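>>> Give the three-dimensional model of this entry:
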Amino acid sequence: MSQNVSDQSPAAAKEKPHHRNRILLTIALFKFFKAAAMITAGILALTFRHANLTLIAVRWVSKFRLDPHNKYVDWVIDHTRLVHAKQLEMLAAGTFIYALLFLVEGIGLYREKVWGEYLVIVEVCLLMPLEIIEICAKPDLLRFSLLIANIFILVYLIYLRIKNAREKRHQKQAA
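Got it, this is the predicted structure:
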């Protein structure tokens with residue numbers, strides 16, 4: 001049986017078609033990308049936890065025809081000797097926890113849930129001081145770009161929360 005428009009409830013008839021917030025969708029995709037990167041890092045850490053990292057580094061240097069006497073290449077090779085299986089397991093655990101956080105945030109934003117917005121606001125506010133410390137210690141374009149992206153995300157989500165609060169207040173006053 002087909003329903004006539006007159007058979008629908010008044011609330012359903014008044015509903016506007018839902019238009020997705022493209023900015024929230026973009027932020028959600030960014031969170032999903034970060035989650036995928038964290039999962040990949042965690043899997044790699046677990047994959048290499050019992051491997052001879054120094055031997056692997058030397059092979060990669062040879063494979064990619066890097067200068068083995070370069071001070072940066074030499075530094076990486078020297079530091080692979082200091083990495084132990086337990087450290088890689090802890091690294092993997094940490095990256096999986098971050099991945100879970102990013103996935104939950106992404107799902108919340110994708111579904112346009114207020115809790116998702118608040119979760120991102122809290123996460124960005126808590127981690128921004130650490131990002132700033134990292135930039136001061138080791139400034140580079142990637143860290144700076146991520147900080148700027150997080151600032152834009154934070155400002156936009158706060159703007160969205162304020163805008164929605166004002167709209168609700170106006171609706172209550174009109175009723």
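
>>> The residue nearest in space to the middle of the chain and residue 96, how far apart?
Centroid-nearest residue in the chain: residue 31, 3.4 Å away (criterion: CA atoms, centre = their mean). Separation of residue 31 from residue 96 (CB to CB, to the nearest Å): 15 Å. Yep, even glycine has a C-beta here, placed from its N, CA and C like the rest.

>>> any idea of the pLDDT on residue 12?
pLDDT recorded at residue 12 is 52.

>>> related to what we said a few turns ago, not counting its neighbours along the chain, what's nearest the residue nearest to the centre of the chain?
residue 106 (3.6 Å; CB to CB, 6 or more residues apart in numbering).

>>> wait, that neighbour sits on residue 25?
No: the pair residue 106 / residue 25 is not scored as a contact, 10.0 Å apart, by CB atoms under 8 Å.

>>> So if I had to pick from these two, which one is more boxed in?
The neighbour comparison of residue 106 against residue 25 (other CB atoms under 10 Å) goes to residue 106, with 22 against 13.

>>> Model confidence for that one, exactly?
Looking at residue 106, the pLDDT reads 97.

>>> Please apply the same query to residue 167.
Value listed for residue 167 in the pLDDT field: 92.

>>> That one: what secondary structure?
Following DSSP: H, G, I helix; E, B strand; the rest coil, we place residue 167 in the helix state.

>>> one step back: for residue 173, see how far away the residue nearest to the centre of the chain is.
For residue 31, the distance to residue 173 - CB to CB - is 35 Å.

>>> again, but for residue 59
Distance of residue 59 to residue 173, computed by CB to CB: 70 Å.

>>> quick one, which of those two is more surrounded?
Set side by side, residue 59 and residue 173 show more neighbours around residue 59, with 11 against 7, by other CB under 10 Å.
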